[in-house]
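Asks: After the sequence you'll find the predicted model.
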Amino acid sequence: MTVEPFGARLRRAMDTRGPLCVGIDPHAALLTAWGLGDDVAGLERFSRTVVEALADRVAVLKPQSAFFERFGSRGVAVLERAVADARAAGALVLMDAKRGDIGSTMAAYAAAYLDPASPLFSDAVTVSPYLGYGSLAPAVEAARAHGTGLFALALTSNPEGAEVQRATGADGTTVAATVLAHLKAENAGERPMGSFGAVVGATLGRSVAGAGIDLDTGGPLLAPGIGAQGATPADLPEVFGAAVRNVLPSVSREVLRHGPDTAALRRSAERFAEEVRAVVVP
Ligand SMILES: O=C(O)c1cc(=O)[nH]c(=O)n1[C@@H]1O[C@H](COP(=O)(O)O)[C@@H](O)[C@H]1O
């Protein structure tokens, strides 16, 4: 059976549910603010509440693996359950693990997140191309085989990213532009949208256009940094220009702080989705 590619599934979800990704980031401070313990029981209650509130309505849920891993194997078990429940309720799951390693180890990471036989099987995973884009080849291959996707870090939302990502090679091309060009090649010919996404922070203002970096990769553009890091949906056109149609804005703390009230979580996510729709001209 051929599986529909991730890019096509994501395009449909963004069009029907609204272009929004909500992060499941169970910070210790959020667990406390929700009246939960900073322990596995608190973690489980938190992630179940977010999944129950949002998985049947937002396009993408993005669990941040680190917050589950800090509780060891029992935390990872909670993550497995959250991924499966979110997918069963109709959300696409983007595992935020930011993996990157030499090719043979990368193949094991790809098996962990992108192979349907894995307990952590997700629709897509974030990956770091900073061991060289070619080191991601096994993940690209797994994504093509299983109808899943990748989001490679290109221009991250944090200020420290620039020293690596904006460094230039001998021909004057920035590292980030090289990553984006590789992604564009992966997505060539894929309609309506490719499965190989880039991460580009919503916090970057005019600096991307100012550097002449081409964001038209034919794939999705995950835009974290909305809310707690200071960006708003209104900033998206300035950062992304004509590529804004493929932008999947991502927000974590600014939605999660409304919990544990499920209605308030839903209202917050709906408000963000509406604000994004207003700036994305179809
Ligand atoms: O890949 C990511 O999601 C990501 C990339 C990036 O450039 N910046 C960034 O903040 N993120 C993640 O997005 C989430 C941001 O959370 P908030 O700042 O609470 O919305 C965290 O899970 C980060 O790890």
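Replies: Structure received.
Asks: Going by C-alpha atoms from here, please, whenever you check contacts or count neighbours.
Replies: Will do.
Asks: residue in the stretch 51-200 of the chain nearest to the ligand?
Replies: Across the stretch 51-200 of the chain, no residue is closer to the ligand than T156, which sits at 3.2 Å (CA to the nearest ligand atom).
Asks: show me what contacts that residue?
Replies: Residues counted as contacts of T156 (CA atoms under 8 Å, 6 or more residues apart in numbering) are 199-201.
Asks: Could you turn the buried ones of these into a PyMOL selection?
Replies: Of those, the buried ones go into a single PyMOL selection, burial set by 16 or more other CA atoms under 10 Å:
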select buried, resi 199+200+201
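Asks: Return the residues of the stretch 1-150 of the chain in contact with the ligand.
Replies: 25, 64, 96, 126 (CA under 6 Å from any ligand atom).
Asks: Dump these to JSON lines, plus secondary structure and neighbour count.
Replies: What follows is those, written out as JSON lines (DSSP: H, G, I helix; E, B strand; the rest coil; neighbours: other CA atoms under 10 Å):
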{"residue": "D25", "secondary structure": "coil", "neighbour count": "24"}
{"residue": "Q64", "secondary structure": "strand", "neighbour count": "21"}
{"residue": "D96", "secondary structure": "strand", "neighbour count": "21"}
{"residue": "T126", "secondary structure": "strand", "neighbour count": "24"}
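Asks: Of those, which is the nearest to L43?
Replies: D25 (9.8 Å; CA to CA).
Asks: Which residue comes closest to that closest one once chain neighbours are left out?
Replies: Leaving aside its sequence neighbours, D25 sits nearest to Q64 (CA to CA, 6 or more residues apart in numbering; 5.4 Å).
Asks: ok, what's across the strand from that neighbour?
Replies: D96 (DSSP bridges).
Asks: Return the per-residue confidence for it.
Replies: Listed pLDDT for Q64 reads 98.
Asks: now V60
Replies: For V60, the model assigns a pLDDT of 98.
Asks: ok now do it, which residues does it touch?
Replies: So V60 contacts 13, 20-22, 91-94 (CA under 8 Å, 6+ apart).
Asks: In helices, which of these appear?
Replies: A13 (DSSP state H).
Asks: would JSON lines of the contacts of V60 with pLDDT and neighbour count be doable?
Replies: Compiled in JSON lines, the contacts of V60 are given as follows (pLDDT from 0 to 100; neighbours: other CA atoms under 10 Å):
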{"residue": "A13", "pLDDT": "98", "neighbour count": "20"}
{"residue": "L20", "pLDDT": "98", "neighbour count": "27"}
{"residue": "C21", "pLDDT": "98", "neighbour count": "27"}
{"residue": "V22", "pLDDT": "98", "neighbour count": "28"}
{"residue": "A91", "pLDDT": "98", "neighbour count": "26"}
{"residue": "L92", "pLDDT": "98", "neighbour count": "24"}
{"residue": "V93", "pLDDT": "99", "neighbour count": "26"}
{"residue": "L94", "pLDDT": "99", "neighbour count": "26"}
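Asks: Among the contacts of V60, name the ones in strands.
Replies: When DSSP state E defines the strands, the subset of these inside them is 21-22, 92-94.
Asks: from the middle of its chain, how far away would stretch 243-261 be?
Replies: Computed by CA atoms, centre = their mean, to the nearest Å, the chain-centroid distance of stretch 243-261 equals 11 Å.
Asks: Mind checking what secondary structure the spatially closest residue to P220 that is not a sequence neighbour has?
Replies: Distances taken as CA to CA, 6+ apart put G197 closest to P220, at 4.6 Å, once the chain neighbours are dropped. Here G197 is recorded as strand under DSSP: H, G, I helix; E, B strand; the rest coil.
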